[in-house]
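[1] Provide a 3D model corresponding to the input given below.
(one chain, ligands or ions: 1)
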Amino acid sequence: MPDRRITRRSALIGMALSSAWAASPARALTSAADKRDVPGFVNDLIARMTIEEKAGQLTLMASAWGGSSATALNPPGKGSNFDQQVADAAAGKLTGVFNGNGAAMAQRMQSAVMAHSRLKIPLIFAADVIHGHRTIFPVPVGEAASFEPELATRTARVAAFEAAGSGIDWTFAPMVDIARDQRWGRSMEGAGEDVLLGRLFAAARVRGFQGTDLAANDAMLACAKHFAAYGAAEAGLDYSTVDVSERTLREVYFPPFQAAFDAGCGTTMASFNEISGVPSTANHWLLTDLLRDEWHFPGLVVSDYTGDEELIAHGVAADGREAARLAIMAGVDMSMQSNLYWLHLPGLVKDGLVPIERVDQAVRRVLATKAMVGLFDDPFRRIDLAREKSRSLLPASRKLAREAATKSIVMLKNAGAVLPLDKAARVALIGPFGTGPQDVIGGWNVYGDDHVAVDLATGLREAGGAVTVVRGCDVHSAIPGGIDQAVAAAKGADVVLLAIGESQDMSGEAQSRADIGVPAAQVALAEALVATGKPVVVLLRNGRGLALQAPVQAAAAILVTWFPGTEGGHAIADVVYGAVSPSGRLPVSFPYATGQEPYHYDHKATGRPQPDGPLQPYKAHYRDLPDAALYPFGHGLTYGDVVYSDLRLSTTQIGAGEAITITATLTNSGRHAVEEVAQMYIHTRSASVSRPVRELKAFQKIALAPGQSAQAQFRLTRADCAFIGQANRPVVEPGTIDLWVAASAQDAGLHGQFTIIT
Ligand code: BGC
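    All right, here's what the predicted structure looks like:
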């Protein structure tokens, strides 16, 4: 149980903090921002609330309905049963619950609160709707491979349509953490390693979840998480220490949050990690000075699951009471799952350690948020059992899932144009991911159903393929006779489709890997199959960038299929048989080996870059590996053959307020229609701080029929060339800028240059 003692030290700190806060201009500013969207009745309500009722409005718990699906995704909770939870809600001890199942649960809880609670403040229902609700779309990193943010808006719209139809008001998504280290398992939940892609997908997903009217019964509130730099964990170990410069925070980790907020995202979640010694949940600089005073974020900050209580384990709070005080004073408005605010806020206020104004401010944000999603107008607006059923897994939703999965597939290699396959080809489908509904939809889904997912064998057969299925091995271990059977099947076939990679429990929260290769048993299978001399097409199942071992690299073709979602098998078949040309591009680099991690294409040159050509001594390179990626960010082949030519820049100098237009011609000299993603990168040669070797500034997806040419066109403003300077603020400096229009971060592409003038 949390310790209720007030130490002299915490009392003094608390008093100093409280009075400094009360007198600070920051508070005045914050309050002004708060008042913007707050209906008058909210303040009247606050005036009538007891401190206990206020603490209750700041307390969110995992749903206890049916054992709670949240407990399957999180460490076990404190074990309340559902009836008890309903009683707690009616007694004003809760603001809402998350990850409970559906409209029936919401109906029971909301009815109890509206009938029996003193103030009849509706509950809010939240959930981790990360990549679909009932219809599951590709995992977010896969969807980002589409390089089509508008697609993410459409899938998030369907997720909101289904989830809001099930009584859910608020999703804990999008996850907008930049992932530069593929050992980190939550790479799966974001848009990858690049800042531009991260910003565009963050905004796109927010727009999709929230729609144009947040009070509509097909819209739900978004939550940009995890604020901040959660993906920068040392050694890729989930929850681990983060120690990054303010410049990198502002240049890499913050921009996707800013993009989400600019798109109207109503909430954010404090991350589990510390940054340079201060856990985000207790980080006043992050949650108040920056978020409120500098960015003027008017929304709600929720802790992550027991994030406030974890301040004790971090070693910055002595006990639960101190943890609660640190969290609320840093700027966490709502506490998730620890119950610490309920337990301690009344006492902390009574003892003068937390000003009541700070509690009221947090409550005001919560109530304003509830008002914004329409709960005060109609607490049951998203709760309707018939609607829940009628919106689930509609044909149009499944069609979109198939489109999204198709667009997420990245072709890394296609030697000898082995793909697309002829439907008459005899296919040996081998590997642990060939059949069975598991490992298709991917982790971090609370409400998806494996059994309605289309597996690979079904997808290929429904496309008319002649498929023999042999498992060959399990995910982590050989099966007796497995390789022999697989080799025999390969010998009797024209082509091997080898479905290998990660199972879905290998990526996601707490699923860090110290080795991001394909598990050894599957590599042995690959080796034996490649040795048959039959063409082997690897179909990778994965939630992160992988370090592919030599036998996997030796396959004739490699498709990255991620965890493709409900329509996975159909989508992969569409690409394998050529109904659709692959169009995905890697949003994360695939290194040669795990030892290169953290690896990101937009790294710095160092003072001793290794020049092209033979290795030179005393230059930045590994003894045993290339220092580039095996398959870089932005890479992805099509069934066509696209040639880039004729780069033109509208000017070679950009003055104040000016922009430059860049064009290049793309020609499909192949025999298949394709969608090419032309990418525009820049590098600032000399500046007051060192700049990445390349930064993606724009991209364009262009459809090209065989033989067709089209122009890619980009506009680059002077502001696009800004970076975070020595004073940790954006600057634009005069100088020469290299520019490439290229097919990937490592493609030579077309090169030009221009100058920024004063
Ligand atoms: C995760 C969050 C999630 C929360 C609630 C935490 O463990 O870090 O992303 O929203 O649980 O399920």
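
[2] contacting residues for Leu548?
    517-518, 558, 590, 630 (CB atoms under 8 Å, 6 or more residues apart in numbering). Every residue, glycine included, has its C-beta placed from N, CA and C.

[3] the same query, at a cut-off of 7 Å, please.
    Contact partners of Leu548, counting by CB atoms under 7 Å, 6 or more residues apart in numbering, are 518, 590, 630.

[4] pull out the buried positions in the helix or strand hosting Arg157.
    Counting by DSSP states H and E, the element that carries Arg157 is helix 149-164. Applying a neighbour-count criterion of 16 or more other CB atoms under 10 Å, one finds 149, 151-164 buried in helix 149-164.

[5] among the contacts of Leu548, which lie within helices?
    Using DSSP state H, no member of the contacts of Leu548 falls within helices.

[6] now the buried members of these.
    518, 590, 630.

[7] between these, which is nearest the ligand?
    Within the buried ones among the contacts of Leu548, proximity to the ligand (CB to the nearest ligand atom) peaks at Phe590, which comes in at 25.3 Å.

[8] now that closest one: how far from Gln361?
    Going from Phe590 to Gln361 by CB to CB, to the nearest Å gives 46 Å.

[9] okay, now Asp624: neighbour count?
    8 (other CB atoms under 10 Å).

[10] also within reach of the ligand: list those from the buried residues of helix 149-164.
    By CB under 6 Å from any ligand atom, no member of those lies near the ligand.

[11] ok, the residues you listed vs Pro255, which is closest?
    Set against Pro255, the nearest of the buried residues of helix 149-164 by CB to CB is Pro149 (14.2 Å).

[12] how near is the closest one to the ligand?
    Noted for Pro149: a distance of 21 Å to the ligand, by CB to the nearest ligand atom, to the nearest Å.

[13] repeat for Asp747
    35 Å.

[14] in terms of helix, strand or coil, where does that residue fall?
    Under DSSP: H, G, I helix; E, B strand; the rest coil, Asp747 falls in the coil class.

[15] do Val359 as well
    Val359 ends up helix, using three-state DSSP.

[16] C-terminal to the helix holding Arg157, what's the next element?
    Downstream of helix 149-164, the next assigned helix or strand under DSSP H and E is strand 170-171.

[17] do the helix or strand following that next one and the ligand come into contact?
    Following strand 170-171 in sequence order, the next helix or strand is helix 195-210 (DSSP H and E). No - contact between helix 195-210 and the ligand is absent, the nearest approach being 13.8 Å (criterion: CB under 6 Å from any ligand atom).

[18] list the helices and strands helix 195-210 packs on?
    helix 149-164, helix 255-262 (3 or more CB pairs under 7 Å, 6 or more residues apart in numbering; DSSP states H and E).

[19] so what touches stretch 523-533?
    430-431, 472-473, 478, 483, 486-487, 490-491, 496, 498, 500, 536, 549, 551-552, 554-555.

[20] recalculate using a threshold of 8 Å.
    430-431, 472-473, 478, 482-483, 486-487, 490-491, 496, 498, 500, 517-518, 536, 538, 549, 551-552, 554-555.

[21] now swap in stretch 600-619 and tell me
    180, 193-195, 589, 620-621, 627, 629, 632-634, 690-696, 745-746.

[22] just give the nearest non-adjacent residue to Met175, would you?
    Glu189 (4.1 Å; CB to CB, 6 or more residues apart in numbering).

[23] so that neighbour sits against Gly442, correct?
    No - between Glu189 and Gly442 no contact is recorded; they are 9.6 Å apart, counting by CB atoms under 8 Å.

[24] so the two - more neighbours on which side?
    Comparing Glu189 with Gly442 by neighbour count (other CB under 10 Å), the higher total belongs to Gly442, at 31 against 28.

[25] ok, the more buried one to the ligand distance?
    15 Å.

[26] begin at 404 from now on, thanks
    Yep, numbering from 404; the last one is Gly845 now.

[27] need the contact list for the residue nearest to Met578.
    533-534, 542-544, 578, 580, 847, 911.

[28] re earlier: need the buried ones among the contacts of Leu951 in CSV with distance to Met814 and pLDDT, can you?
    Below are these laid out as CSV (distance: CB to CB, whole Å; pLDDT from 0 to 100):
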residue, distance to Met814, pLDDT
Val921, 17, 98
Phe993, 13, 98
Leu1033, 14, 98
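
[29] quick one, phi psi at the most centrally placed residue in the chain?
    Nearest to the mean C-alpha position of the chain, counting by CA atoms, centre = their mean, stands Gly593 at 1.9 Å. With angles defined as degrees, to the nearest 10, Gly593 sits at phi -120, psi -160.

[30] Serialize the helices and strands packed on helix 598-613 to a markdown table and add fields for mean pLDDT.
    Formatted as a markdown table, the helices and strands packed on helix 598-613 follow (pLDDT from 0 to 100):
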| stretch | mean pLDDT |
| --- | --- |
| helix 552-567 | 98 |
| helix 658-665 | 98 |
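
[31] reformat the ones you listed as CSV; add distance to Glu677.
    Listed next are the helices and strands packed on helix 598-613 as CSV, based on distance: least, CB to CB, whole Å:
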stretch, distance to Glu677
helix 552-567, 30
helix 658-665, 18
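
[32] just to revisit the earlier point, filtering the contacts of Leu951 by proximity to the ligand, which remain?
    Okay, of those, nothing touches the ligand (CB under 6 Å from any ligand atom).

[33] so which of the buried ones among the contacts of Leu951 is the closest to Pro749?
    Phe993 (52.9 Å).

[34] partners of the closest one in the sheet?
    Tyr1034 (DSSP bridges).

[35] report the contact partners of it.
    Here Phe993 is in contact with 815, 948-951, 1032-1035 (criterion: CB under 8 Å, 6+ apart).

[36] return the closest of those with respect to Lys628.
    Nearest to Lys628 among the contacts of Phe993, with distances taken as CB to CB, is Gly948, at 21.2 Å.

[37] quick one: secondary structure of that closest one?
    Going by three-state DSSP: Gly948 is coil.

[38] go on, Met512?
    Classification of Met512 using three-state DSSP returns helix.

[39] separation between it and the ligand?
    On the measure of CB to the nearest ligand atom, Met512 and the ligand end up 18 Å apart.

[40] any residues in contact with both of Glu592 and Gly845?
    Common neighbours of Glu592 and Gly845 (CB under 8 Å, 6+ apart) are 534, 542.

[41] isn't Gly570 up against Gln510?
    Yes - with contact defined as CB under 8 Å, Gly570 reaches Gln510; the gap is 7.3 Å.

[42] who touches both of these two?
    Joint contacts of Gly570 and Gln510 (CB under 8 Å, 6+ apart) are Ile786.

[43] ok so, going back, narrow the contacts of stretch 926-936 to those in helices?
    If you go by DSSP H, the contacts of stretch 926-936 have 885-886, 889-890, 893-894, 954-955 in helices.

[44] pLDDT added to these, as JSON lines?
    Putting those into JSON lines (pLDDT from 0 to 100) gives the following:
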{"residue": "Gly885", "pLDDT": "98"}
{"residue": "Ile886", "pLDDT": "98"}
{"residue": "Ala889", "pLDDT": "98"}
{"residue": "Val890", "pLDDT": "98"}
{"residue": "Ala893", "pLDDT": "98"}
{"residue": "Lys894", "pLDDT": "98"}
{"residue": "Pro954", "pLDDT": "98"}
{"residue": "Val955", "pLDDT": "98"}
